[in-house]
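1. the sequence and its predicted three-dimensional model are supplied below.
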Amino acid sequence: MTDKLLYRLNDVSFSYGRTPVLKDINIELRKAKFYGLIGGNGSGKSTLLELMTGTLPPNKGRITYRNKRLSTYSKLQLATKIALVPQHFSMDFEYSVKDIVLMGRHPHIPRFSSPSTYDHESTRHAMESMDILHLEDRPIVALSGGELQRVVIARALAQETEVLILDEATSNLDIHHTISIMRVIRRRVKEDGLTVIAAIHDLNLAAAFCDECVVLKDSCIFASGTVNTIFTKDLLQTVFTVDASVQSNPETDFPHIQFRY
Amino acid sequence: MIGSKPLFFIAVLFLILCASIILATGMGFLKITALEVIEILGSRLLGHDPSAINPTFPFVVMEVRLPRILTSALVGGGLAVAGAVFQAILLNPLADPYTLGISSGAAFGASLAIILTLFGIIIPPWLSIPVFAFLGAMATLVGVFSLASTDNQLSSNTLILSGVIIAAILSAGIGFIKYLADEQVSIIIFWLMGSFVGRTWADVLTTSLVVFPGLLFMLYFARDLNIMALGERTANSLGVDSSRVKKMLLICASLITAICVSVSGIIGFIGLIIPHLLRMVLGPDNRVLLPACFLGGASLLLGADTITRAWLPSEIPIGVLTSLIGGPFFCYIFRKKQLAKNS
């Protein structure tokens, strides 16, 4: 099993100034799994993702990636292994959709060289899978919010990394695109061995697509495990203070949550 | 990603610049034809005397006109490139080379030098107005960076705000110096409006020693600059150390601005209008945009300086001219673009 281990976080803590954001986080993440990161607003989800992309160093504890400290990797090395879809994205310059997606190839293209045929192919492939190929020559500033979000995800897919980190990546999308995009990503997990770590607000979406979930509450890990063990009436009551019933769906093999409004 | 169309465009801009240098050299009180200019330049380079040409022409070309023309081209190019870089780094299309208050710093330094001479304090010639202006600009840069350094990521808002604060303080200082200068205030005002009168080969040399290495440095980071348009977090996740690149390029662009201002005074609009115009034609890719901005800015400022030197009955300050021509033209372009977008 150890060869499939990607991330190991040991007693990781982080604080902005004096405000603690994460306390004593211990988790292990393995290859080719779809991880969901859930928790209320301000529970530290985004910060945990920042720590895992290596943008922020932890104040305490250690993060290892493939048994090497995360901080020993260079920015460019990490860029070939971990891709990020941030929560917010805005752009004032008139790059075309294709230009933006091709930027995902940046870590693979040496300085002063042109993109290879392979770079163009994987750019095209990523656009196809996000259903934006028909927009490829459109300027990015002329897109709707949902289209823009698909461009950003395509950019991360074109990066062709073994880890994909999604920070509420589908929150701007309509239900059709949310489901089709999650399917595409899910398929990459299954077929290409991609590892996905996604902060997700929609619990039913998390239950449907994730293998395992990590639940954050008050800067700590409240629970982690497979979706069937995580999503219980009690947990939803404690973590989110909502009244909900959870039914296991024998047809689909994942829990279905119904909220009491 | 660079196709043949942008390269062709850059080649055209380069030819335009060469042609305008030669044509501008011929224009003025003494008319010299383009062929004669080329012959004079050729004979200088090859080291033999031009035979059939009026003997005063080589002097006029080599010692009077060419230094001024080359300085104006270098300053125009430098300001345009610096403007493009500032816009790309601060992710703000309104940014120009003076956003961080460099112009105010240079103006303060220059005013200080002028007032000291007016008060009879003799400044050694090597510490002339340009040197003071350059030091003023550098001190401003240090001030702005130390004020903004409380923010580790050097966000655009912090930088722009720091620039505005420092510039406001310096403007008050300049106002005070103008007040002290009393009736002699016109000397300061004229310097501030910019001029290329009496530039020498020394100016050409010092400017090019900063502008050309600066341009190469920026071109080296042009692709990182493109990636940084995606935002700090995404740029980092793509392997670009954005806060380091940002800092280095800001310092580089500011150095270019400082040398340009100290050589010529404050010339507005070039750094704003050229990057905008060229971005409309060529798109935002900095690997194409930066060299195009240098060539375009050089041609434009050289053209404007030639108008005031050779066409107008009496010279008007170049800074005033660029804003007078550039402003309305920019309004026209801006309006046309907005209308095209809405239709």
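-> Received, thanks.
2. and the closest residue to chain A within chain B, how many neighbours?
-> Nearest to chain A, among the residues of chain B, is B:G239, at 3.2 Å (C-beta to the nearest C-beta). In short, each C-beta sits where N, CA and C put it, glycine included. For B:G239, the neighbour count with other C-beta atoms under 10 Å in any protein chain shown is 19.
3. could you measure from the closest residue to B:G26 other than its chain neighbours over to B:A298?
-> Closest residue to B:G26 apart from its sequence neighbours, by C-beta to C-beta, 6 or more residues apart in numbering or on different chains: B:I32 at 4.3 Å. Counting by C-beta to C-beta, to the nearest Å, the separation of B:I32 from B:A298 is 21 Å.
4. just want to know which of the two has more residues nearby.
-> B:A298 (30 against 22).
5. which parts of the helix or strand B:F132 falls within are buried?
-> According to DSSP states H and E, B:F132 maps onto helix B:129-148. Using 16 or more other C-beta atoms under 10 Å in any protein chain shown as the test for burial, helix B:129-148 gives B:129-141, B:143-145, B:147-148.
6. how about the strands in the chain?
-> Here I'm looking at chain A. Remark: strands assigned in chain A by DSSP state E are A:5-16, A:19-30, A:34-38, A:60-65, A:68-69, A:82-85, A:163-167, A:195-199, A:212-217, A:220-226, A:244-249, A:254-259.
7. hm, I was asking about chain B
-> Going by DSSP E, chain B shows no strands.
8. dump the residue contacts of the residue minimising distance to the centre of it.
-> Centroid check for chain B by C-alpha atoms, centre = their mean gives B:L79 as the closest residue, at 2.4 Å. Residues in contact with B:L79, defined by C-beta atoms under 8 Å, 6 or more residues apart in numbering or on different chains, are B:P97, B:I256, B:T257, B:C260, B:I267, B:I270, B:G271, B:I274, B:G297, B:L301.
9. likewise B:S72?
-> Contact analysis of B:S72 by C-beta under 8 Å, 6+ apart lists B:F196, B:R199, B:S264, B:L301, B:L302, B:A304, B:D305, B:I318.
10. quick one: which of those residues is most hemmed in?
-> B:L301 (31 neighbours).
11. how about the residue in the stretch 151-261 of chain A that chain B sits nearest to, phi and psi?
-> Of the stretch 151-261 of chain A, the residue with the smallest distance to chain B, taken as C-beta to the nearest C-beta, is A:Q159 at 7.2 Å. Main-chain torsions, A:Q159, degrees, to the nearest 10: phi -70, psi -20.
12. ditto for A:L173
-> phi -100, psi 150.
13. ok, for it, nearest residue in space, not its chain neighbours?
-> A:G146 (5.0 Å).
14. B:G265 too?
-> That would be B:G194: by C-beta to C-beta, 6+ apart, it lies 3.4 Å from B:G265.
15. and B:F86, by the same measure?
-> Closest to B:F86 by C-beta to C-beta, 6+ apart is B:A95, at 4.2 Å.
16. list the contacts of the one you found.
-> Here B:A95 is in contact with B:G83, B:F86, B:Q87, B:I89, B:I160 (criterion: C-beta under 8 Å, 6+ apart).
17. now with 10 Å, please.
-> B:82-89, B:156, B:159-160, B:163, B:253, B:271-272, B:275 (C-beta atoms under 10 Å, 6 or more residues apart in numbering or on different chains).
18. most neighbours out of those residues, which is it?
-> Result: B:A82 is most packed of these (other C-beta under 10 Å), 36 neighbours.
19. residue numbers of the stretch 101-250 of chain A in contact with chain B?
-> Residues of the stretch 101-250 of chain A lying close to chain B by C-beta under 10 Å from any C-beta of the partner chain are A:102-109, A:111-112, A:114-115, A:119-120, A:139-142, A:152, A:155-156, A:159, A:161, A:165, A:167.
20. give me that answer again for 8 Å
-> A:L102, A:M103, A:G104, A:H106, A:P107, A:R111, A:S114, A:P115, A:V152, A:R155, A:Q159, A:I165 (C-beta under 8 Å from any C-beta of the partner chain).
21. show me the shaky parts of the stretch 151-300 of chain B.
-> Judged against pLDDT under 70, the stretch 151-300 of chain B has no low-scoring part.
22. up against chain A, what does it have?
-> So the stretch 151-300 of chain B meets chain A at B:220, B:223, B:226-227, B:229-231, B:233-234, B:236-241, B:279, B:283-285 (C-beta under 8 Å from any C-beta).
23. what residue is smack in the middle of chain A?
-> A:L166 (2.2 Å).
24. returning to what we had before: what is the neighbour count of the residue nearest to A:L173?
-> Count around A:G146 with other C-beta under 10 Å applied: 15.
25. my guess is it contacts A:D174. True?
-> Yes. With contacts counted by C-beta atoms under 8 Å, A:G146 reaches A:D174, the gap being 6.1 Å.
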